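K.L.:
Build the 3D model from these lines:
(2 chains)
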Amino acid sequence: MGFLNLFKNIGRSASAEAQKKADAIEDTNAVEFGKQDLAQMNADLRLIKGNIGSVKGEIAILEDKVKDLKSAVAKHDADAIALSDAGQNELAEQHANKAATIEQQISSLEIALNTQREVLEGQIKNKNELQMSLDQAGADLVTIRAMTDAAKANETLAKVSTSSGTSALAAFKERQESAKKRLIKSQALKEEGSADSSLDAATAAALGNSTAKNRLAQLKAKAAKPE
Amino acid sequence: MSGPSAIEMENAGKILDVLCSMEGISYTNIRGDIFNIVGPEGSSCILDVEETLVCIGAEICDIPLEVSQQAKLFRCLLDLNNEAIHGKFAINNGKIFFKENLEIENLDANELEAAIGWTLAMVLKGAEKISDILE
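P.N.:
Down below sits the predicted model:
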């Protein structure tokens, strides 16, 4: 299953409960498939990197050979000129022939070298493309894992909220209700207190009057009493 | 609900350290990786630790059946979302939730504390506003 398809599965919405369960399984699988895809791509990348190493080795060997053969050609050419100058034409010709033969070898080696360089270029291009795909797949996997975790958390939140049985609104209303009750109770206590205090005042006033009357009676009695 | 994985439990340990050091909240461990957090004003939220995320959320209420109330309510939720620095009000399965997800990788304790504090405040504010609308 390709990464894009996996990604689409994550975003799929479904109304039916059965579909949701199926999606949940697919979402969980999406992470596993994504991990497997990444592992496969990493293995492919390692293989390509290994191939690049081999091709580079081949190129180095060919380059060394060409270099050696070019040195040999230069030596034969120099010998041919020196021998020709010394009048040793036959030997000079042999060196010239040898140099020509080696040059043919060099040109066929250079064809092989160019082929290997093209192969290397292709491998490097493949490696870069695979590396880009791998980076993208890694980023996609992070997103898929986060989305799967978010979906799991949604499910948990719904289940935990349902099991606790109190929504924030219900709890708020409960708190509001109990605050109201407390307010009513305190008002009632206050009213009761004020009723008590007015009764006390009336009693005190009444008692105060009678005390005054009593005192007046006592004073009158005292005044009437002979010394 | 399957049990927590080893990574989730390890992450939950780190979160617990942050909760321990937070002032003004109380919490209970519902399951190894799930916590119920209660704020100073009495509002509460659920904190669920996943492998890559910490998900904080609370159920606010059911979506009312009456269409006129729904319209007012959704507008109110959008207004509240506009005010929110952390998290958002969301609907899921006929219910209204407040939710905030934080990535665990490189999670900072201050960021988590702010998200929890903000969630508790928004849950309270959301409940109050929604209560006014539904009355």
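
K.L.:
Pull up the residues of chain B that are close to chain A.
P.N.:
Within chain B, the positions adjacent to chain A are B:1, B:30, B:34, B:36, B:42-44, B:46, B:48, B:50-53, B:55, B:57-62, B:92-93, B:95, B:97-99, B:101, B:103, B:123-124, B:126-128, B:130-131, B:134 by CB under 8 Å from any CB of the partner chain. Every C-beta, even on glycine, is put in place using the N, C-alpha and C of the backbone.

K.L.:
Drop anything exposed from the residues you listed.
P.N.:
B:30, B:34, B:36, B:43-44, B:46, B:48, B:50-53, B:55, B:57-61, B:95, B:97-99, B:101, B:123-124, B:126-127, B:130-131 (16 or more other CB atoms under 10 Å in any protein chain shown).

K.L.:
all helices for the chain, in order.
P.N.:
Answering for chain A, as no chain was given. A:3-11, A:17-85, A:89-164, A:168-224 (DSSP state H).

K.L.:
Not quite, go with chain B.
P.N.:
B:6-21, B:67-83, B:109-134.

K.L.:
and residue 90, what does it touch?
P.N.:
No chain in the question, so chain A it is. By CB atoms under 8 Å, 6 or more residues apart in numbering or on different chains, no residues touch residue A:90.

K.L.:
I was after chain B.
P.N.:
Contacts of residue B:90 (CB under 8 Å, 6+ apart): B:96-99.

K.L.:
I'd like those as TSV, with pLDDT and distance to residue A:129 appended.
P.N.:
Listed next are those as TSV, based on pLDDT from 0 to 100; distance: CB to CB, whole Å:
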residue	pLDDT	distance to residue A:129
B:96	94	47
B:97	95	43
B:98	96	44
B:99	95	39
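
K.L.:
Could you single out the nearest of those residues to residue A:48?
P.N.:
residue B:99 (43.3 Å; CB to CB).

K.L.:
Tell me the bridge partners for that closest one.
P.N.:
residue B:57, residue B:88 (DSSP bridges).

K.L.:
distance of it from residue A:86?
P.N.:
Distance, residue B:99 to residue A:86, using CB to CB, to the nearest Å: 97 Å.

K.L.:
Can you list the low-confidence ranges for chain A?
P.N.:
A:1-28, A:162-165, A:196, A:199, A:203-213, A:225-227 (pLDDT under 70).

K.L.:
Give the residue spans of chain B that score low on pLDDT.
P.N.:
If you take pLDDT under 70 as the line, chain B has these spans: B:1.

K.L.:
Name the residue most distant from the centre of it?
P.N.:
residue B:68 (26.9 Å; CA atoms, centre = their mean).

K.L.:
Distance-wise, check that one relative to residue B:131.
P.N.:
Relative to residue B:131, and taking CB to CB, residue B:68 is found at 17 Å.

K.L.:
Same question for residue A:128.
P.N.:
In terms of CB to CB, residue A:128 sits 59 Å off from residue B:131.

K.L.:
what do you get for residue B:13?
P.N.:
37 Å.

K.L.:
Can you tell me which residues in chain A are near chain B?
P.N.:
Counting by CB under 8 Å from any CB, chain A sits next to chain B at A:142, A:145-146, A:149-150, A:152-162, A:164, A:167-173, A:175-176.

K.L.:
and those, which are buried?
P.N.:
A:145-146, A:149-150, A:152-158, A:160-161, A:167-173.

K.L.:
returning to that earlier point: the helices of chain B: which one's closest to residue A:186?
P.N.:
It's helix B:109-134; of the helices of chain B, that one is closest to residue A:186 (CB to CB) at 22.4 Å.

K.L.:
which strands and helices sit next to the closest one?
P.N.:
Where contact means 3 or more CB pairs under 8 Å, 6 or more residues apart in numbering or on different chains; DSSP states H and E, helix B:109-134 is packed against helix A:168-224, helix B:6-21, strand B:44-49, strand B:53-62, helix B:67-83, strand B:95-103.

K.L.:
what about the ones you listed, which gets the closest to residue A:54?
P.N.:
Of those, nearest to residue A:54 by CB to CB is helix B:6-21, at 39.1 Å.

K.L.:
Just the buried residues of that closest one, please?
P.N.:
B:8, B:11-12, B:15-16, B:18-19.

K.L.:
Go through those and say which is closest to chain A.
P.N.:
Closest to chain A out of the buried residues of helix B:6-21 is residue B:8 (9.3 Å), distances taken as CB to the nearest CB.

K.L.:
Spatially nearest residue to the closest one (excluding sequence neighbours)?
P.N.:
residue B:33 (4.5 Å; CB to CB, 6 or more residues apart in numbering or on different chains).

K.L.:
got it, and residue A:109?
P.N.:
residue A:66 (5.2 Å).

K.L.:
where's the one you found relative to chain B, distance?
P.N.:
52 Å (CB to the nearest CB, to the nearest Å).
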